[in-house]
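Enquirer: Quick check, what structure comes out for this input:
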Amino acid sequence: MFLRSHFSACFDVPVHRATLHSLFYLLELDVSIRSLRRTSSGLTLVDTLVAIAIALLLLAVSAPYLGGMLRSAGVSTTAHEFLSTLSYARSEAINRNQRITVCKSADGRECTTQGGWEQGWIVFVDAGNQAQVAESEDILRMRGPLRGETTLTGNMPVRNYVSYVSNGSTQYVSGAFQAGTLTLCRQERGVKFVLARAGRVRTEKTTCQ
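Expert: Below is the predicted model:
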């Protein structure tokens, strides 16, 4: 009971009760082994168990925070990649003096109107102004599915594609200006891409449900 009360006083953190119980049980299992001879390193078995228990306890406490940091890093990396894709498409539209379209794609060869952007996307020369790939040679870049529980969805104006014309602005294939918001989420962490009619994109942090 000494160990149990001692640890309770030292660590005031919300760790799973069963985990703590198991650790304390190991420590209190046979306190009489303190009378064992010390090893060549000068540590008894109890000393070793105490060190292991503390390490496990610290790991249990830090695991949720480490997981959150990894998710945040993953969202930032994906957000940067998608933002770079849009910037590249805009630059190519200006340099080539042609319409360049970015659309969601499940196979890396053609656009789809099903599902979300997390299944992948392609950047292509949209010579026919149809938001559809005419020839495979027209594809400039391709991105496969996003990993894990990541989602990327657009509101109605950018649900299926984002299309840049030669002056760098975004337009529907009908000629009307295009502006909208895409939201990247990984669990509770998210980033919004707000697309203006001039073709510029700004990002905002958001909390996902």
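
Enquirer: CA only for contacts and neighbour counts going forward, please
Expert: Will do.

Enquirer: low-scoring stretches of the protein, by residue?
Expert: 1-43, 58-74 (pLDDT under 70).

Enquirer: can you give me the helices in it?
Expert: Assigned by DSSP state H, the chain shows helices spanning 2-10, 17-28, 45-96.

Enquirer: okay, now Thr44: neighbour count?
Expert: When neighbours are counted by other Cα atoms under 10 Å, Thr44 registers 17.

Enquirer: Kindly provide the distance from the residue nearest to Arg141 when sequence neighbours are not counted to Val191.
Expert: Once flanking residues are discounted, Arg141 sits nearest to Val123: 5.0 Å by Cα to Cα, 6 or more residues apart in numbering. Separation of Val123 from Val191 (Cα to Cα, to the nearest Å): 21 Å.

Enquirer: Out of those two, name the residue with the larger neighbour count.
Expert: Counted by other Cα under 10 Å, Val123 and Val191 do not tie: Val123 has more neighbours, with 28 against 21.

Enquirer: For the more buried one, list each beta-bridge partner.
Expert: Val102, Arg141 (DSSP bridges).

Enquirer: Quickly list the domain ranges of this protein.
Expert: Domains of the chain are assigned by automatic domain parsing as 2-66, 72-207.

Enquirer: hang on, Gln119 packs against Ser105?
Expert: Yes - counting by Cα atoms under 8 Å, Ser105 is a contact partner of Gln119 at 6.6 Å.

Enquirer: So for those two, which sits in the more crowded spot?
Expert: Legend: neighbour count by other Cα under 10 Å for Gln119 and Ser105, higher for Ser105 (27 against 21).

Enquirer: So the more buried one is in contact with Val123, correct?
Expert: No - the pair Ser105 / Val123 is not scored as a contact, 9.8 Å apart, by Cα under 8 Å.

Enquirer: what's the burial count for the closest residue to Thr101 other than its chain neighbours?
Expert: Spatial nearest neighbour of Thr101, excluding adjacent residues (Cα to Cα, 6+ apart): Ser163 at 4.1 Å. Using other Cα under 10 Å, Ser163 has 30 neighbouring residues.

Enquirer: ok, now which ones touch Ser163?
Expert: For Ser163, the contact set (Cα atoms under 8 Å, 6 or more residues apart in numbering) comprises Arg99, Ile100, Thr101, Val102, Ala131, Thr170, Gln171, Tyr172, Val173, Gln178.

Enquirer: tell me the most buried of the domains of the chain?
Expert: Per residue and on average, the most neighbours among the domains of the chain fall to domain 72-207, with a mean of 19 (mean count of other Cα atoms under 10 Å).

Enquirer: and the nearest residue to Leu152 once chain neighbours are set aside, what is it in contact with?
Expert: Closest residue in space to Leu152, ignoring its immediate chain neighbours: Leu184 at 4.4 Å, by Cα to Cα, 6+ apart. Shown in contact with Leu184 (Cα under 8 Å, 6+ apart): Val75, Ala79, Thr150, Thr151, Leu152, Thr153, Gly190, Val191, Lys192.

Enquirer: For the second one, which residues are in contact?
Expert: Which is Ala79. Contacts of Ala79 by Cα under 8 Å, 6+ apart are Leu184, Val191.

Enquirer: Return the distance of it relative to Cys111.
Expert: Ala79 sits 21 Å away from Cys111, going by Cα to Cα.
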